[in-house]
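[1] Give me a 3D structure for the following:
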Amino acid sequence: MADPICRWRNPYLKTVREFINALPKSVMPSDEARALVKAQHSQDFYTTAYQLACQLGLYYEDAGTYYPKFTYDPTVEEIFQYLRNWIQKYYVPNPYTKAGFANLEPEIVHSGLCKILLTANNNVDWNNAKMELFQEAIGNDDILRNAIGFYSDVINVKSNVLEPKDGVKIADLKDYVFDLAPIERNDKAAFFNQFSLREENSYKIVSKEEFSSEWKHNLIMYGAPGTGKSHELEKRSTSFGTRRQRVTFYPDYSYAKFVGSYKPVTYYKKSSEETEYFSTKSQSGTKLAIVNEPIIDYAFAPGPFLEAIIEAFLSKEPYLLLIEEINRANAPAVFGEVFQLLDRKDGVSNYKVTLSAEAMLYLQDKLGEDYSNMKEGVYLPSNLYLWATMNSADQGVFHLDSAFKRRWGFEYLPLNENEKKCADSDILFCGKTFNWNLFRNVLNSYLGKVCNISEDRLIGPFFLTKTELLEADSIKNKLLLYLRDDVLRHNHRKLFIADTFSEITVLFNGGTDVFVQAVMEQLIIQENTTIEQ
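    Predicted coordinates for the structure are as follows:
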C-alpha cells in the first residue's frame, strides 16, 4: 500500500507556517541548515516532519546544499496562494513517496481527479476514483482528501464522493487539467521547481550544465528605479547555491577595496610578565592587564574580485560575483587593469594581466598547484560569472565609457515587466486611494509625453513597498522628493502646483492635490473606469 502524502499532520496553514518559520531563508550548506532546523523545530524534524515539508515543496537538498522555497517571511495570504498552486501541481510518485506506485508514471493528482470527473460527467465514488488514478490501494487518503478540501478551487471529497465544489460545474474542470512533461520520479530538483507562489514569481534550480549556455558571463541589468533589477538577479543567483558573493559599489569604492591592497594587520605576542601597561603617559596607579602585546605589520588583503577568482579556480564549480549599483562608483577606475580580463571568449579571458607582486604572491599561496595556470598572468576562468545592476537615473552616478561597456552584455528590465506582482496594491495619495499600477501608469505617461522624461527615470512597480504606499512620510520623502528634485529638477512646475518642497508637503499633509489638474483628473477618470469595469 502506497501513501501519496505522508502522515505527520494535515497540511493546515498553521503547519505550513511553522515549517516556513523553522526553515532557513537562504541557500546554505545542508549541515548548517539541518542544525538550524533542529534548533528551531526540535530533533524530531528529520524523522517524519521533513518528508511533509519536502512534499509541500518548501525545500530540497542537493550535493550538500540546502535550497529554500521562501527567502522571506510570507503573509498568510501568500502561504494560502502558494498552497492553492501546490495542490494543482502536486504529482505522484515523487522523490518523497518511496514505496509503491510501481506501475504509475508521475501524474498530477489534482488534474487526474478532474479528468475522472470530466470523463464520468458526474460525481464519482472516491474509492473508484482512487483506484483509477493510483492503480493500487493507497494509505493516508484522509490526508489527501483534507488537502484537496483545504486548497482546491474546484473539487472536493464529501461523504466518500468525489465532486465539484459548490458553484462549480463539471465542464469548468477542463481549465484545471494539466499534462505533466515526462519526468523521473526521483528528480528532486524537478519536483521542487514544480511549485511557486505565483507562476511569474518562480525561480528554478538550474543544473550546472545549463550555466554557460543560459547566462552571460559578464552581465549588467539596467532599467528604471523600482523595476526589480536586484530581485531578478537575486532570483537567478540562487542557482549558484552558496557559491556567490555580493558587493555594492559607492562613490568612494576603490581598486584597493575591489581587487586588494597591502594593509596593516595586527599580530600578538605574549607579554613579558615583568612588563607593566598603563592607559596614559603619566599614570602610575592602576595597571592594565594585557595578556598579548599587539604588533603592527603589513600583509596583502584581497578584495572580492580576487576572492572570486580563487574560489572559481579551486572548486571548478560555477561561482558568481554580483555587483550592485555598478555605476555609483567610478567603475573603470575600480577595475583598473583587470578590466582587460572582461574581454572573454567562451567565458575565458582573451588576455592576461600581471598584478602587483604582493597580489601574485597571495594568489600563489592560495591556489597552490593551480597557480601554474597563472604564471603568464591572471585571467578569468569560464566558471566565474560577473553580474551587476545599474540605474542610470540616479543623481551623481559615474559615466561608463564605451571601452568598459562593450565588454559587458546588457539586459534591459522593462518598466512594467513585473507590474502584475503589484496588481492588488493601492496608494493613499492626497486623501484618495488609487490602484498603484494605475497611479504609476498615469504619472509615467504624463512625465513621458508632456515633460519629455526618458523611461529610465520613470517609476517602477517596486519604487515603494506595499507598506510605504500607505505611509504619508514615505510617499513624501521618497516619491515626491524624487519627482521634484531628480526627475523634474529644472521644470517641476510642469507636474507640481507649488514651488518649494515645503509647500508641496504642506498641501499633501492637508489632503490637497499636489499635481497639476490634468494629472489628478486623469487619475480619477482611470480609477472610476476601472471600478465600473
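[2] Please parse this structure into its domains.
    According to automatic domain parsing, the chain comprises the domains 13-193, 216-259+303-412, 266-302, 419-532.
[3] among those, which is nearest Pro4?
    Of all the domains of the chain, it is domain 13-193 that lies closest to Pro4, at 4.7 Å by CB to CB. The C-beta positions use only the backbone N, C-alpha and C, and glycine is treated the same way.
[4] Off-centre distance for the closest one?
    23 Å (CA atoms, centre = their mean, to the nearest Å).
[5] Compute the first-to-last residue distance for that domain.
    21 Å (CA to CA, to the nearest Å).
[6] doesn't Arg493 fall inside a helix?
    Yes - counting by DSSP: H, G, I helix; E, B strand; the rest coil, one finds Arg493 located in a helix.
[7] Mind telling me what element the residue lying closest to it once chain neighbours are set aside is part of?
    Spatial nearest neighbour of Arg493, chain neighbours left out: Asp499 (7.2 Å); criterion: CB to CB, 6 or more residues apart in numbering. Using DSSP states H and E, Asp499 is not contained in any helix or strand.
[8] Likewise for Asp31?
    helix 30-41.
[9] Check the closest residue to Asn373 other than its chain neighbours and give its pLDDT.
    Of all residues beyond its chain neighbours, the one nearest Asn373 is Phe313 (7.2 Å), with distances taken as CB to CB, 6+ apart. Note on Phe313: pLDDT of 89.
[10] repeat for Lys494
    pLDDT, read off for Lys494, is 92.
[11] wait, what's in contact with it?
    Val450, Cys451, Leu488, Val516 (CB atoms under 8 Å, 6 or more residues apart in numbering).
[12] Just the buried residues out of those, in ChimeraX syntax.
    With 16 or more other CB atoms under 10 Å as the criterion, this ChimeraX line picks the buried residues out of these:
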select :488
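[13] quick check, nearest of the contacts of Lys494 to Ser26?
    The closest of those, once distances to Ser26 are taken by CB to CB, is Leu488, at 39.5 Å.
[14] which residues does that closest one contact?
    Applying CB under 8 Å, 6+ apart, the residues near Leu488 are Leu447, Cys451, Ile453, Lys494, Leu495, Phe496.
[15] can those go into TSV with extra columns for distance to Ile323?
    Below are these laid out as TSV (distance: CB to CB, whole Å):
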residue	distance to Ile323
Leu447	29
Cys451	32
Ile453	27
Lys494	35
Leu495	33
Phe496	35
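[16] Pull the most distant pair out of the residues you listed.
    Most distant of the contacts of Leu488, by CB to CB, are Ile453 and Phe496, 13.9 Å apart.
[17] ok so, going back, what about the residue nearest to Arg493, neighbour count?
    Asp499: 11 surrounding residues under other CB atoms under 10 Å.
[18] go on, Phe150?
    Phe150: 16 neighbours (other CB under 10 Å).
[19] My guess is it contacts Tyr12. True?
    Yes - with contacts counted by CB atoms under 8 Å, Phe150 reaches Tyr12, the gap being 7.3 Å.
[20] give me every residue that touches Phe404.
    Counted by CB under 8 Å, 6+ apart, Phe404 has contacts Ala331, Pro332, Phe335, Phe339, Leu342.
[21] so, if you compare the residues you listed, which one comes nearest to Tyr67?
    So of the contacts of Phe404, ranked by how close each gets to Tyr67 (CB to CB), first place is Leu342, at 30.1 Å.
[22] That closest one contacts Arg406, correct?
    No - using CB under 8 Å, Leu342 is not in contact with Arg406, being 9.2 Å away.
[23] higher neighbour count, the two?
    Shown here are Leu342 and Arg406; by other CB under 10 Å, Leu342 has more neighbours (19 against 10).
[24] List the contacts of that one.
    So, once contact is read as CB under 8 Å, 6+ apart, Leu342 ends up touching Asn218, Phe335, Ser349, Leu380, Leu386, Phe404, Arg407, Trp408.
[25] What of Phe439?
    Ile427, Phe429, Leu523.
[26] how about those residues in a markdown table, adding pLDDT?
    Below are the contacts of Phe439 laid out as a markdown table (pLDDT from 0 to 100):
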| residue | pLDDT |
| --- | --- |
| Ile427 | 93 |
| Phe429 | 92 |
| Leu523 | 89 |
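[27] after the helix holding Asp31, next one along is what?
    helix 49-55.
[28] what comes up buried for stretch 148-155?
    Ile148, Phe150, Tyr151, Ser152, Val154, Ile155.
[29] do stretch 36-52 as well
    Under 16+ other CB under 10 Å, the buried positions of stretch 36-52 are Val37, His41, Phe45, Ala49, Tyr50, Gln51, Leu52.
[30] Identify the residues contacting that stretch?
    Looking at stretch 36-52 with CB under 8 Å, 6+ apart, the contacting residues turn out to be 5-9, 11, 15, 18-19, 21-24, 34, 96.
[31] Show me the strands in the stretch 1-150 of the chain, by range?
    Counting by DSSP state E, counting those that start in this stretch, the stretch 1-150 of the chain has these strands, from start to end: 28-29, 59-62, 65-68, 91-92, 107-108, 124-125.
[32] Let me know which of the ones you listed is the nearest to Tyr250.
    Using CB to CB, these put strand 28-29 closest to Tyr250, at 27.2 Å.
[33] List the neighbouring strands of that closest one plus their orientation.
    Applying DSSP bridges, strand 28-29 is found paired with strand 65-68 (antiparallel).
[34] Spell out, range by range, the helices that occur in the stretch 51-200 of the chain.
    Taking DSSP state H, counting those that start in this stretch as the test, the helices found in the stretch 51-200 of the chain are 76-89, 109-120, 126-134, 141-151, 188-193.
[35] and those as a markdown table, adding mean pLDDT and distance to Asn435?
    Supplementary listing: these in a markdown table, determined by pLDDT from 0 to 100; distance: least, CB to CB, whole Å:
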| stretch | mean pLDDT | distance to Asn435 |
| --- | --- | --- |
| helix 76-89 | 89 | 18 |
| helix 109-120 | 95 | 32 |
| helix 126-134 | 93 | 42 |
| helix 141-151 | 93 | 28 |
| helix 188-193 | 90 | 32 |
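[36] Figure out which of these is closest to Glu324.
    helix 76-89 (25.5 Å).
[37] quick one: the closest one to helix 141-151, angle?
    130 degrees (axes from the mean of the first three to the mean of the last three CA atoms, to 10 degrees).
[38] Mind giving me the packing neighbours of helix 76-89?
    helix 13-22, helix 109-120, helix 141-151 (3 or more CB pairs under 8 Å, 6 or more residues apart in numbering; DSSP states H and E).
[39] could you dump those helices to TSV with distance to Ala308?
    Converted to TSV, the helices and strands packed on helix 76-89 look like this (distance: least, CB to CB, whole Å):
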stretch	distance to Ala308
helix 13-22	32
helix 109-120	44
helix 141-151	43
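[40] Out of those helices, flag the one nearest Pro225.
    Proximity to Pro225, assessed across the helices and strands packed on helix 76-89 by CB to CB, is greatest for helix 13-22 (30.2 Å).
[41] what's the angle between the closest one and helix 30-41?
    Using the same axes, to 10 degrees: helix 13-22 against helix 30-41 is 130 degrees.
[42] Show me what helix 13-22 is packed up against.
    helix 30-41, helix 49-55, helix 76-89.
[43] nearest to Ala63, of the helices of the stretch 51-200 of the chain?
    helix 188-193 (10.3 Å).
[44] The closest one: which residues count as buried?
    Buried residues in helix 188-193 (16+ other CB under 10 Å): Lys188, Ala190, Phe191, Phe192, Asn193.
[45] and the spatially closest residue to the third one that is not a sequence neighbour, what does it touch?
    In space, Phe191 comes closest to Asn94 once its chain neighbours are excluded; the distance is 5.0 Å by CB to CB, 6+ apart. By CB under 8 Å, 6+ apart, the contact list for Asn94 reads Gln55, Pro106, Arg185, Phe191.
[46] just so I know, which of the helices and strands packed on helix 76-89 lies nearest Leu133?
    helix 109-120 (4.6 Å).
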